[in-house]
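Asks: Below are the sequence and a predicted model; questions follow.
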Amino acid sequence: MKLKIDLPRGFLVSNSAFAGSIEFGGAYLATHELTQVYTAERDGIAVILIGHAVDIHHQEAGEQTIVERLVSCRSVEEMADETRDVLGRFAVIGRIDDRWFAFHDAGALRTIYYACGAQWFLSSHSILIADQTRAIREEAIFRHFRGGLPGNRSPFPGIRLLPANCYVRPETGELVRHWPRVDRVEAAIDEAQRTFNDNLALAAKAITRSKKPIIGVTAGLDSRLSVALLRGVQGARFFSHSAKVNETKVDVSVAAEVCRVSGVEHEVIQLEHTPHPLDGRLVDYKHNNAVWRTYARQLNASDFIYVRSVLPEVGMRFWLTNGVRSLSPRVGSNLIRNKTMAGEDGHENARDFATGEFEALIGALGYSSDRTLRGYDRMDLYYLEHRLATWHGPILLGLDTAFETNIVFNTRHILETMLSVSDDHRVRKTLFMEALRHFAPDLALIPINPHKL
């Protein structure tokens, strides 16, 4: 299934044949040469798994075994439940009784863009769909936003991005929530800590089952916990970015001390801004372009897997500790607009446009006027379903030019555990601090995110 797609680790699926595609289960598929694909079909059910995945409790079984388990399920919700302890970065695309669906890993690391209609498309990149539909990129209004686009928009009209915790029906564009399906039950901290520590240890082992880890190290708690879990892996690499601003200098200095105490080499890379041949194709990437260009040139290593440390923020009550206490279309608009452009032409239109997109998304995701959904705070769900899906997921599309990515915290079970403890423990970061003391008490003694050395 290695057919011509020009964007690293990319894929394109449709219900109609297109140039370079092959047929499976009634759909047509094309992938980049580095994209991993696993398929199964049985009793009217077809499943395609794209990317890498491992059940942390059954690590001897590979992706094909997971696909065989999924094709035995009778509903999409059952399939999503079956992936509760599956770590990785993957998309599941399938058909049950002639109805197609798509969902992804817990943190939406594997982006799924979609265009619905009589001829529908699912893809890793919006531009791969636009190549087929001839959609024209909308640039003027989107330059007013930072760290993601409004709602679940893409840079192209008619093409949208699937939020976490949902699956999409590509024929209609309907979003269906598959998590949470049961009410949140607050857990005792000791019980949650045992579950958290056990699953992190298993996840760290799973990450390194086939590739050596390369870990980005900062002064933060989340990356330090990744270091604690992976510093004993032979051949692992640890690096930071160098920059002239003081905040980054402190970050790099603390990262160097973390590596020194861990007894591992600390690499420091200089970000470079030289244009890259894929600049015009990676239109979904909305971050510092120097990062992915530098990784592609300086860190490109097919036998490594990049371990990022995003996701713990949701367990630490990110929005509450950053002063955001309510969710509304206007709040969503304010969070992503680039305030430095407030006086420029079109900014007010961009504000109203974003407000409308967030109103539609909030409605589609089923947020009620209440603060919680099945006992889960809507701000926590918003962090997972918008910020991670529309900001972080597309960032990984740039990093695909260098290597595949994973996150040690990226199973639904681990995320549930993060969200199960009291607000007090979440704000105090109890799960994470105690896990660090458990796995690496020496690293717990180094200051976390100090303002200065």
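Replies: Sure, I can see it.

Asks: Now Ser124: closest residue in space that isn't a chain neighbour?
Replies: Gly10 (4.5 Å; CB to CB, 6 or more residues apart in numbering). (Glycine included, C-beta is placed from N, CA and C.)

Asks: And the one you found, how far from Tyr306?
Replies: 17 Å (CB to CB, to the nearest Å).

Asks: which residues of the protein score low on pLDDT?
Replies: 1-4, 243-248, 368-370, 453 (pLDDT under 70).

Asks: Find the residue at the geometric middle of it.
Replies: In the chain, the centroid-proximal residue (CA atoms, centre = their mean) is Leu109; its distance is 2.6 Å.

Asks: Once you drop chain neighbours, what's closest to it?
Replies: The nearest residue in space to Leu109 (CB to CB, 6+ apart) is Arg89, at 4.0 Å.

Asks: count of residues packed around the residue nearest to Gln270 when sequence neighbours are not counted?
Replies: Residue nearest to Gln270 in three dimensions, not counting chain neighbours: Ser242, with 5.2 Å by CB to CB, 6+ apart. When neighbours are defined as other CB atoms under 10 Å, Ser242 has 13 of them.

Asks: ok, Ser242 to Pro8 distance?
Replies: 25 Å.

Asks: Same check on Tyr38?
Replies: Distance from Tyr38 to Pro8, by CB to CB: 19 Å.

Asks: give me every residue that touches the residue nearest to Gly151 when sequence neighbours are not counted.
Replies: Leaving aside its sequence neighbours, Gly151 sits nearest to Glu357 (CB to CB, 6+ apart; 3.2 Å). Residues near Glu357 by CB atoms under 8 Å, 6 or more residues apart in numbering: 149-153.

Asks: Okay, and which of those map to helices?
Replies: Using DSSP state H, the subset of the contacts of Glu357 located in helices is empty.

Asks: need these in JSON lines with distance to Ala389 and neighbour count, can you?
Replies: What follows is the contacts of Glu357, written out as JSON lines (distance: CB to CB, whole Å; neighbours: other CB atoms under 10 Å):
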{"residue": "Leu149", "distance to Ala389": "11", "neighbour count": "25"}
{"residue": "Pro150", "distance to Ala389": "13", "neighbour count": "27"}
{"residue": "Gly151", "distance to Ala389": "11", "neighbour count": "26"}
{"residue": "Asn152", "distance to Ala389": "7", "neighbour count": "25"}
{"residue": "Arg153", "distance to Ala389": "12", "neighbour count": "23"}
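
Asks: any chance of those residues in JSON lines, plus distance to Ile56?
Replies: Shown next, in JSON lines, are the contacts of Glu357 (distance: CB to CB, whole Å):
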{"residue": "Leu149", "distance to Ile56": "33"}
{"residue": "Pro150", "distance to Ile56": "35"}
{"residue": "Gly151", "distance to Ile56": "33"}
{"residue": "Asn152", "distance to Ile56": "29"}
{"residue": "Arg153", "distance to Ile56": "34"}
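
Asks: Is Val268 in contact with Val252, as I believe?
Replies: Yes: counting by CB atoms under 8 Å, Val268 touches Val252, with 6.1 Å between them.

Asks: Find residues that contact each of the two.
Replies: Joint contacts of Val268 and Val252 (CB under 8 Å, 6+ apart) are 240-242.

Asks: Between those residues, which sits nearest Gln234?
Replies: Ser240 (21.2 Å; CB to CB).

Asks: I'd like to check what contacts the host helix or strand of that closest one. Which residues are they?
Replies: Here Ser240 sits within strand 237-242, counting by DSSP states H and E. For strand 237-242, contacts defined as CB under 8 Å, 6+ apart pick out 212-218, 227, 231, 248, 251-252, 255-256, 259, 262, 264-271, 291, 294, 299, 304.
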